[in-house]
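S.K.: Here's a sequence, model it:
(6 chains)
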Protein chains: 4
Amino acid sequence: MAREKDIDKLLAIYQATLRLVLKQGFSGLRMGDVAKEASVATGTLYIYFQDKNDLINQLYLWLKNKTVAAYMDGYDSSQPFMSNFRKLWFQYAQVSLASPQESAFLEQYYRSPFLSEEVRSTAEHLLQPIYDLLALGKNEHLVKDFPTELLIAQLMGPIHELVRYHAEGKFCVAQNILEQAFRLAWDSIKN
Amino acid sequence: MAREKDIDKLLAIYQATLRLVLKQGFSGLRMGDVAKEASVATGTLYIYFQDKNDLINQLYLWLKNKTVAAYMDGYDSSQPFMSNFRKLWFQYAQVSLASPQESAFLEQYYRSPFLSEEVRSTAEHLLQPIYDLLALGKNEHLVKDFPTELLIAQLMGPIHELVRYHAEGKFCVAQNILEQAFRLAWDSIKN
Amino acid sequence: MAREKDIDKLLAIYQATLRLVLKQGFSGLRMGDVAKEASVATGTLYIYFQDKNDLINQLYLWLKNKTVAAYMDGYDSSQPFMSNFRKLWFQYAQVSLASPQESAFLEQYYRSPFLSEEVRSTAEHLLQPIYDLLALGKNEHLVKDFPTELLIAQLMGPIHELVRYHAEGKFCVAQNILEQAFRLAWDSIKN
Amino acid sequence: MAREKDIDKLLAIYQATLRLVLKQGFSGLRMGDVAKEASVATGTLYIYFQDKNDLINQLYLWLKNKTVAAYMDGYDSSQPFMSNFRKLWFQYAQVSLASPQESAFLEQYYRSPFLSEEVRSTAEHLLQPIYDLLALGKNEHLVKDFPTELLIAQLMGPIHELVRYHAEGKFCVAQNILEQAFRLAWDSIKN
DNA sequence: GATGAATGAGTTTTCATTCAT
DNA sequence: GATGAATGAAAACTCATTCAT
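M.R.: Here you go, the predicted model:
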């Protein structure tokens, strides 16, 4: 459990952990390495976190909140559907592409056995505005009347896939590609 | 002549490993458990595989080949585009949904640092028929003239996403849902 | 226990073992490696030898006998002391220098915990003619009346030391050096 | 500041290792036994040493330095040749005989494949004063004008041989024997 | 006799966590 | 709070020996 101390140290630990997980995966993550990478002593990690599992869970939440805050930035649910849809789609895509590795971390981690149920459901709640927006679109007959989960899968799946390609260097997703991707997304779900 | 290296034993090891990875993830995988699950001695694993890493790499290839063989079953590239598109899309989706955990394994593993570059590129080659099909569709002006990678991301992304939801129990993908999903997919990329 | 079979195979095993011990030491000696080096199956080793220990013991005896036979070649205890002393000293030195690694093996092995007491005393008996010769020299007042063991140490020690230097490439022992060494040896013990 | 790396612990490990090697040889040396004998945890060994091999190398150096320091004790190269020769010869012999097993260890180990080239050459340098002394003796025509290596082999060989006999219980080297041995040594190399 | 895959006890080594300083 | 040496349970891996073929 984090006590009151040094916020910089905490951030250093998060960032060190993230870097190492991206490089070596979860199973390759060693507390000793985290400490070295964050320039603290091993013991220090146990001042800020209960154990390794807690560290990973807290890291997930920290990163998820950061990411969600980024793509929800400036979002106003009272605006019209189409405007909000565009805004949210682009912000989600751009934020994801801007730090593809962090996105990869969030995706990969979601399925890891490290994840506590509590953290998982906390993360799930953050998607609520997207559910709400699609419900509105269906109500206004702008969007196909298909199950919301199906529509969300249809919208997020391609973005996740593109982010992966981008991260792997398999396919560079520039702004014009993003415009095409949005066209595909909208053609897909529009009524 | 002594006993020959036993193909059944090899399969038993693959299946045991897969079962354990699906249950406990990579980081929980212990060679001792694999041996026990496969009913062989620990040492035997090291006759068939160099080390734990090699085991995981070979397992990936084995499963990938099995999966690809399953969804390519009966595929005939000389058939017309639309017929082949439907067939491939549905087979891919159905095979993935039929064993969602194995699909998740393949996806997750693709990004894991365990994977050797060699195995990765071998796996990549298996997607070639899909690339070819989309190229054909673009040539015949049935499909939007967008980069093939973008189209593939648009097609596979939602399937992967749905498989995840299905595996997590978040959203059950029944046959009628699959039909809707196909409609979304086709609306998305059609010209 | 060696059965009646293939003498060539037996020799191949001895030589393979010797090569490996010289390269990697006793503790690095693995039965699998011996088998590979001798181009036989692991199981075959256990047809010719009871176990690893037995292999090493038999190898020692084989090599010791070969070496002793070589430097005792043509020795005739009825000849006069001085002639026999020269002959034996030079043959011992030359045989040792001719295969310094085998000599190193014999020396090194003598102290190893692998050695059975039986093999050790068998080897010890082979030095008897040297003891006898020195006793004769003392009787004839040609040699200092010091304990025989002391004299033997004085005679063999420098040869062993030189063989080591020679084997290590630290000091090349040519024929003229050998003549000087003999002079030192004789000046040392003569009355 | 946490506990500092503990010099006493290091010594305890060296001594424990030495005790075990002397008892059971290299091949019988197990890290678990070393830990137990030194009253530390297994893991602790790996704080002080990279691995088993490193432990043995460091042990060699530690013991070699200790031994050399012992027989060089009080040595003053500015004293006359004969006085220094006697002093060094007796100190070398007495130190070697005082702990014949450790001497045997050093000799045996020098030829073992465990030894890194670096450690070997470090050890070699420690003999320099002996080389210098013999060079002086030759210059003053007190010693035969033979190659220094040959003279050294002639001097050290018998001591090593005697130490072995002594250690094996084959021949007890008391003070009067040592006097005789010195006489042999000097008769051997004197001009 | 010959083979080499299979065995599993026995090693080495790792690494999360603790705790003396 | 911070440190990092120490711990020791747990894991990966080895290798002498067996035995089915």
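
S.K.: make it CA atoms for all contacts and neighbour counts henceforth
M.R.: Fine.

S.K.: Residues of chain A that sit close to DNA strand E?
M.R.: Residues of chain A lying near DNA strand E by CA under 7 Å from any atom of the strand: A:28-32, A:42-43, A:46, A:51-53.

S.K.: of those residues, buried ones?
M.R.: For the residues of chain A next to DNA strand E, a burial check counting by 16 or more other CA atoms under 10 Å in any protein chain shown picks out A:28-29, A:31, A:46.

S.K.: Mark which of these are part of helices, please.
M.R.: The helices, defined by DSSP state H, take in A:31, A:46 from these.

S.K.: follow-up on the earlier one: closest to D:S112 out of the residues of chain A next to DNA strand E?
M.R.: Of all the residues of chain A next to DNA strand E, D:S112 sits closest to A:G32, with 34.8 Å by CA to CA.

S.K.: what about that closest one, distance to C:D145?
M.R.: Using CA to CA, to the nearest Å, A:G32 is found at 69 Å from C:D145.

S.K.: Check A:I130 too.
M.R.: For A:I130, the distance to C:D145 - CA to CA - is 107 Å.

S.K.: Could you do A:I189 as well?
M.R.: Distance of A:I189 to C:D145, given as CA to CA: 112 Å.

S.K.: go on, A:D8?
M.R.: Going from A:D8 to C:D145 by CA to CA gives 85 Å.

S.K.: more crowded one of the two?
M.R.: The neighbour count for A:D8 versus C:D145, taken as other CA atoms under 10 Å in any protein chain shown, is higher for C:D145 (16 against 9).

S.K.: Find the helix or strand that the more buried one is a member of.
M.R.: Using DSSP states H and E, no element contains C:D145; it sits outside every helix and strand.

S.K.: Contact partners for the closest residue to DNA strand F within chain A?
M.R.: Scanning chain A for the residue nearest DNA strand F gives A:G43, at 3.0 Å (criterion: CA to the nearest atom of the strand). For A:G43, no contacting residues are found, by CA atoms under 8 Å, 6 or more residues apart in numbering or on different chains.

S.K.: Need the CA coordinates for whatever helix or strand it lives in. CSV is fine.
M.R.: Here A:G43, judged by DSSP H and E, is contained in helix A:42-48. Extracted in CSV, the C-alpha atoms of helix A:42-48 (Å, rounded to 0.1, in the frame of the first residue of the first chain):
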residue,chain,number,x,y,z
THR,A,42,14.5,-3.5,-3.8
GLY,A,43,13.2,-2.9,-0.3
THR,A,44,11.8,0.4,-1.4
LEU,A,45,9.4,-1.3,-3.8
TYR,A,46,7.8,-2.9,-0.8
ILE,A,47,7.2,0.4,0.8
TYR,A,48,5.1,1.6,-2.1
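
S.K.: How far does it sit from its chain's centre?
M.R.: 26 Å (CA atoms, centre = their mean, to the nearest Å).

S.K.: Helices along chain A, start to end?
M.R.: Under DSSP H, chain A gives helices at A:7-24, A:31-38, A:42-48, A:52-71, A:81-98, A:100-110, A:117-125, A:128-139, A:148-168, A:175-189.

S.K.: Dump those helices into TSV; add mean pLDDT as well.
M.R.: Formatted as TSV, the helices of chain A follow (pLDDT from 0 to 100):
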stretch	mean pLDDT
helix A:7-24	93
helix A:31-38	97
helix A:42-48	96
helix A:52-71	94
helix A:81-98	95
helix A:100-110	86
helix A:117-125	87
helix A:128-139	94
helix A:148-168	94
helix A:175-189	97
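
S.K.: between these, which gets nearest to D:Y109?
M.R.: With CA to CA as the criterion, D:Y109 lies closest to helix A:31-38 of the helices of chain A, at 35.1 Å.

S.K.: Give the closest residue to A:N53 in space, chain neighbours not counted.
M.R.: In space, and not counting its chain neighbours, A:N53 is closest to A:F114: 6.2 Å by CA to CA, 6 or more residues apart in numbering or on different chains.

S.K.: which ones are touching the one you found?
M.R.: Here A:F114 is in contact with A:53, A:56-57 (CA under 8 Å, 6+ apart).

S.K.: and which of those is nearest to chain B?
M.R.: Nearest to chain B among the contacts of A:F114: A:N53, at 12.1 Å, using CA to the nearest CA.

S.K.: give me the number of residues near the residue nearest to A:T44 when sequence neighbours are not counted?
M.R.: Of all residues not flanking A:T44 in the chain, A:A35 sits nearest, at 7.9 Å (CA to CA, 6+ apart). For A:A35, the neighbour count with other CA under 10 Å is 19.

S.K.: A:A35 contacts A:Y46, correct?
M.R.: No - applying CA atoms under 8 Å as the test, A:A35 and A:Y46 come out as separate, 10.3 Å apart.

S.K.: Per-residue pLDDT of A:P113, please?
M.R.: On pLDDT, A:P113 comes in at 80.

S.K.: so who does A:K64 touch?
M.R.: A:K64 makes contact with A:106, A:123 under the criterion CA under 8 Å, 6+ apart.

S.K.: same thing with A:K9?
M.R.: Contacts of A:K9 (CA under 8 Å, 6+ apart): A:A38.

S.K.: Now do the residue of chain A found nearest chain C against A:V34, distance only.
M.R.: Of all residues in chain A, A:G28 sits closest to chain C, at 30.8 Å by CA to the nearest CA. For A:G28, the distance to A:V34 equals 11 Å [CA to CA].

S.K.: tally of neighbours for A:S188?
M.R.: Using other CA under 10 Å: A:S188 sits among 24 other residues.

S.K.: Quick check: closest non-adjacent residue to it.
M.R.: If the residues on either side of it in the chain are set aside, A:S188 comes closest to B:S188, at 4.0 Å by CA to CA, 6+ apart.

S.K.: right, and that neighbour touches A:N191 too?
M.R.: No - with contact defined as CA under 8 Å, B:S188 does not count as touching A:N191 (11.7 Å).
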